[in-house]
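A.B. asks: test case, fold it:
(chains A and B)
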Amino acid sequence: MKTFKTLLILSVFAITSAFTVNSIKGYKVGDTVEDFSLKNIDGKKISLKDYNKAKGIILVFTCNHCPFSKMYEDRIIALDKKYKNLGYPVVAINPNDPAVSPGDDFESMKERAKTKGFTFPYLFDEGQKVYPKFGATRTPHVFVLSKKEDNSMVVSYIGAIDNNSGNANEASEKYVEAAVDNLLAGKAPVTTETKAIGCSIKVAK
Amino acid sequence: MRFKGLYLLVLVLLFSCKQNEKKEIREAISEKIEGIKVYNYSQLEPLLNKKDDKTYVVNFWATWCKPCVDELPVFEKINTEFKDKNVEVLLVSLDFSNQIEDQLIPFIKDNKLQSKVVLLDDPDQNKWINKINEKWSGAIPATLIYNKNKRAFYEQSFEYESLLKELNKLIN
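C.D. replies: Numbers count the residues shown, from 1 in each chain, chains lettered A, B, ... in the order given. Here you go, the predicted structure:
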């Protein structure tokens, strides 16, 4: 009987831990973000610690080729213009492996940023080490980070920019703006996670 | 002066002919690909929850999504090979609704797609993605395999062998 009980407890533990391992992929809301250092389109490395004066960061995984990313480019620029001075600048990261995602190479990133007039850094996740830590799966995929008193960055919102990718004017909910507005008002975001259709992040097989 | 009027008339006639011609071509294409229906989520939902004896392989894709396009032949092959085995493939396109005629229909024609294709056009993705599957982040390609007894969801690309393996899990 005792052996049976032990076995039962062990198996429950095994199942639970297996499930936990499966379900935890990347940061969740509330998690502290590890710093990273990635190359910007101007060739300089950028880290989270460079933002010591900001209140947080609107981190956007995006890329050149994806039509959903393209539809949101103007909205991402607008977010940066609106929130940079309020302490929440945009930082964009291209997570794709250019070997399997034509048009997402470093040179094309520079061109796209110039054509669109990006007002924010556009970093290249060379070696694809950063996006898995965040658990980003698609482009665009936003992570709003807010700074704690000890200067660590905490994930406060994960998801979409708004609820209408095809038409900015018809979006009835602007998720990222709402989350940042909440944070600026000293509150926790009301909506912390949303979903949207996007392009899968491209990884070599 | 009369000459000018005639010239105008000819111009107008020419223009309307051209318009008619265009319209006819468009109608001909749409007729050929009958059954391309545009649904919102509540209209699509019954197709994802049938309770008959068939197993349904539902692939979410778009013509602009390269990995989706790459794996389409796999779904076409399943559709052909399992036609008599109570398996049906449904290709749910997430193409933009203003690109149906320029992108989607020519793509279906050029690639001679045999599986049923419908278009899901519903902007409130945050609402319906979770209804299709809670684990789906929204990235495509994604695939739902279901019958009245079981459901399985995959946010990944498939090769023929891997899709066959998952399909067999539901059939057997």
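A.B. asks: tell me how far stretch A:138-151 lies from the chain's centre.
C.D. replies: Relative to the chain's own centre, stretch A:138-151 is displaced by 7 Å; criterion: C-alpha atoms, centre = their mean, to the nearest Å.
A.B. asks: could you find the closest non-adjacent residue to residue 146?
C.D. replies: Just going to use chain A. A:Gly56 (3.9 Å; C-beta to C-beta, 6 or more residues apart in numbering or on different chains). Heads up, the C-betas are built off the backbone N, CA and C, glycines and all.
A.B. asks: could you do chain B instead?
C.D. replies: Distances taken as C-beta to C-beta, 6+ apart place B:Tyr56 nearest to B:Tyr146, at 5.6 Å, with adjacent residues excluded.
A.B. asks: and for the residue nearest to A:Ser146, the neighbour number?
C.D. replies: 24 (other C-beta atoms under 10 Å in any protein chain shown).
A.B. asks: helix or strand next in line after the helix or strand bottoming out on mean pLDDT in chain B, which one?
C.D. replies: Lowest mean confidence among the helices and strands of chain B (mean pLDDT, DSSP states H and E): helix B:2-32, at a mean of 50. Downstream of helix B:2-32, the next assigned helix or strand under DSSP states H and E is strand B:37-39.
A.B. asks: identify the residues contacting that following strand?
C.D. replies: Identification of contacts with strand B:37-39 by C-beta atoms under 8 Å, 6 or more residues apart in numbering or on different chains yields B:Leu47, B:Ser97, B:Ile100, B:Val118, B:Leu119, B:Leu120, B:Asp121, B:Asp122.
A.B. asks: what subset of the residues you listed is also close to chain A?
C.D. replies: B:Ser97 (C-beta under 8 Å from any C-beta of the partner chain).
A.B. asks: what strand or helix carries the residue nearest to B:Tyr146?
C.D. replies: Assigned by DSSP H and E, B:Tyr56 falls in strand B:55-61.
A.B. asks: so which of the contacts of strand B:37-39 wins on neighbours?
C.D. replies: B:Leu120 (23 neighbours).
A.B. asks: now the strands for chain A?
C.D. replies: Ranges of strands in chain A, per DSSP state E, are A:37-40, A:45-47, A:56-61, A:90-94, A:122-124, A:138-139, A:141-147, A:153-159, A:198-200.
A.B. asks: need the ones you listed in a markdown table (columns: distance to B:Tyr146 and mean pLDDT).
C.D. replies: Output for those, formatted as a markdown table (distance: least, C-beta to C-beta, whole Å; pLDDT from 0 to 100):
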| stretch | distance to B:Tyr146 | mean pLDDT |
| --- | --- | --- |
| strand A:37-40 | 41 | 98 |
| strand A:45-47 | 45 | 98 |
| strand A:56-61 | 30 | 98 |
| strand A:90-94 | 35 | 98 |
| strand A:122-124 | 40 | 98 |
| strand A:138-139 | 23 | 97 |
| strand A:141-147 | 27 | 98 |
| strand A:153-159 | 26 | 98 |
| strand A:198-200 | 22 | 96 |
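A.B. asks: wait, A:Lys25 touches A:Gly135, no?
C.D. replies: Yes: in terms of C-beta atoms under 8 Å, A:Lys25 counts as a neighbour of A:Gly135; the distance is 4.6 Å.
A.B. asks: which one of the two is surrounded by more residues?
C.D. replies: When A:Lys25 and A:Gly135 are compared for neighbours, A:Gly135 comes out ahead with 17 against 14, by other C-beta under 10 Å.
A.B. asks: for the more buried one, which non-adjacent residue is spatially closest?
C.D. replies: Looking at A:Gly135 with C-beta to C-beta, 6+ apart, the closest residue is A:Gly26, at 1.7 Å.
A.B. asks: in the sheet, who's paired with B:Tyr39?
C.D. replies: Listed by DSSP bridges, the beta-bridge partners for B:Tyr39 are B:Leu120.
A.B. asks: okay, now it: neighbour count?
C.D. replies: If you count neighbours by other C-beta under 10 Å, B:Tyr39 ends up with 16.
A.B. asks: quick one: contacts for the residue nearest to B:Tyr146?
C.D. replies: By C-beta under 8 Å, 6+ apart, the contact set of B:Tyr56 is B:Leu47, B:Leu48, B:Lys50, B:Val87, B:Glu88, B:Val89, B:Leu90, B:Leu144, B:Ile145, B:Tyr146, B:Asn147.
A.B. asks: try A:Val155
C.D. replies: By C-beta under 8 Å, 6+ apart, A:Val155 lies in contact with A:Tyr27, A:Lys28, A:Val29, A:Gly30, A:Asp31, A:Thr32, A:Val33, A:Phe134, A:Phe143, A:Val144, A:Leu145.
A.B. asks: do B:Trp128 as well
C.D. replies: The contact partners of B:Trp128, by C-beta under 8 Å, 6+ apart, come to B:Tyr41, B:Asp122.
A.B. asks: distance of it relative to B:Tyr41?
C.D. replies: Distance, B:Trp128 to B:Tyr41, using C-beta to C-beta, to the nearest Å: 4 Å.
A.B. asks: overlap in contacts, those two.
C.D. replies: Residues touching both B:Trp128 and B:Tyr41 (C-beta under 8 Å, 6+ apart): B:Asp122.
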